[in-house]
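# just to be clear, the model below is a prediction. Sequence and coordinates:
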Amino acid sequence: MPELPEVETIKRSLEREVVGKEITGLELRRPSLLQDASPKELEAKTTGAKIVRVRRRAKYLIFDLDNHYSLILHLGLEGRLLLDEKEAEEIGLVLHFADGMKLHLDDIKGYSRLFLSPTQGVERLPSLAKLGLEPFTPNYKWESFEKLMRTNQEIKRLLLDQAKIAGVGNIYASEVLYRCRIHPRQLANELTLSEARCLFDEIQKIMEEAIQHRGASVSHYRDIDGSKGEFQNFLKVYGRAGRPCERCRTPIEEIDQGGRGTFFCPKCQPLKEPAKFGMDELF
DNA sequence: AGTATAACCTGTCTGC
DNA sequence: TGCAGACAGGTTATAC
């Protein structure tokens, strides 16, 4: 469920609420949540440890502990972290802190995943190691981005590929393409330089705006205090099939791309035929 | 190698 | 009203 801005919002709240706290107990209610480690090892490495830092890498949260181990959490499609009992269904995981506070991972669907790793080797976890260009990091460079566009892949699918661009999910992919007036089925190597440049800039811009509004609560997403974000109120196409485009009043359309819904304005975002097709017709 | 589908789950909404 | 089927903000193994 959460994309980069939502995870960043949660990360900032966790920095305020749990950094410095000692973990006194842990309930792993859905053991399948845990990857590459045994529940016993998880308990041994977390109980009695203090959280010294919370970080984010793309859509992953990283809790660094004072025993040189880290917990790495991905919230999947609908996972939420909630402090104390507020709305929490206590499915997944509960962390108990020395001051009596509890942090619940509430994830009915069960797509969340938890990893345990030495802090030193976190970035070598396969899931993290393969992540691509990430907004707000030094590797988010135009020269690298431009190279990513040299492929025959549909641009919307490419934006969702975490190995290429990390942190963009299904909401922001549609929104960014709308901002840049690019059809989601346009092939990446058919984009003009200025279209690609627009994507590069707008990806980071929209995420900045979304973070300022504490994420988009389209359905399930909540901050750790249970509060909704506000950015859903600023979405132009996602979830708006049939409603008029704010720019031209044409009804927003929804199409399927690789099993994911894509929303776009058919008039503002026309599919452009590659130049070579036009040439062929001349002969 | 690089890209497209299927699968993982459960709750909720839609259409017949 | 009831129920079958589709769909959900993600990632991954598997199949071309």
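Thanks, I have it.
# what does chain A have sitting close to DNA strand C?
Within reach of DNA strand C by CB under 7 Å from any atom of the strand, chain A has these residues: A:1-3, A:6, A:58-59, A:74, A:76-77, A:109, A:111, A:126-127, A:130, A:160, A:162, A:169-171, A:215-221, A:229, A:256, A:259-261. Yep, even glycine has a C-beta here, placed from its N, CA and C like the rest.
# select only the buried ones of the residues you listed in ChimeraX?
The ChimeraX command for the buried members of the residues of chain A next to DNA strand C (criterion: 16 or more other CB atoms under 10 Å) is given here:
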select /A:1,2,3,6,58,59,74,76,127,160,162,169,170,171,215,216,217,218,220,221,229
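# which of the residues of chain A next to DNA strand C fall within strands?
Members of these lying in strands (criterion: DSSP state E): A:74, A:256, A:260-261.
# out of these, who's nearest DNA strand C?
Using CB to the nearest atom of the strand, A:G261 comes nearest to DNA strand C of these, at 2.9 Å.
# what sits against the closest one?
A:G261 is in contact with A:170, A:254-255, counting by CB atoms under 8 Å, 6 or more residues apart in numbering.
# which of the residues of chain A next to DNA strand C fall in helices?
Of the residues of chain A next to DNA strand C, the ones assigned to helices by DSSP state H are A:6, A:126-127, A:160, A:170-171.
# leaving out sequence neighbours, find the closest residue to the residue in the stretch 151-283 of chain A positioned nearest to DNA strand C.
Nearest to DNA strand C, among the residues of the stretch 151-283 of chain A, is A:G169, at 2.1 Å (CB to the nearest atom of the strand). Take A:G169 and drop its neighbours on the chain: the residue closest to it by CB to CB, 6 or more residues apart in numbering is A:E3, 3.5 Å away.
# from DNA strand B, how far off is the one you found?
17 Å (CB to the nearest atom of the strand, to the nearest Å).
# next up, the contacts around that residue.
Residues near A:E3 by CB under 8 Å, 6+ apart: A:59, A:167-172.
# quick one on the thing from earlier: distance of the residue of the stretch 151-283 of chain A closest to DNA strand C relative to A:G215?
11 Å (CB to CB, to the nearest Å).
# need the residues touching each of those two.
A:P2.
# which residue packs closest to A:E6, ignoring adjacent ones?
The shortest distance from A:E6 to any non-neighbouring residue, by CB to CB, 6+ apart, is to A:G215 (3.8 Å).
# isn't the one you found right next to A:E209, touching?
No. Applying CB atoms under 8 Å, one finds A:G215 not in contact with A:E209, separated by 10.8 Å.
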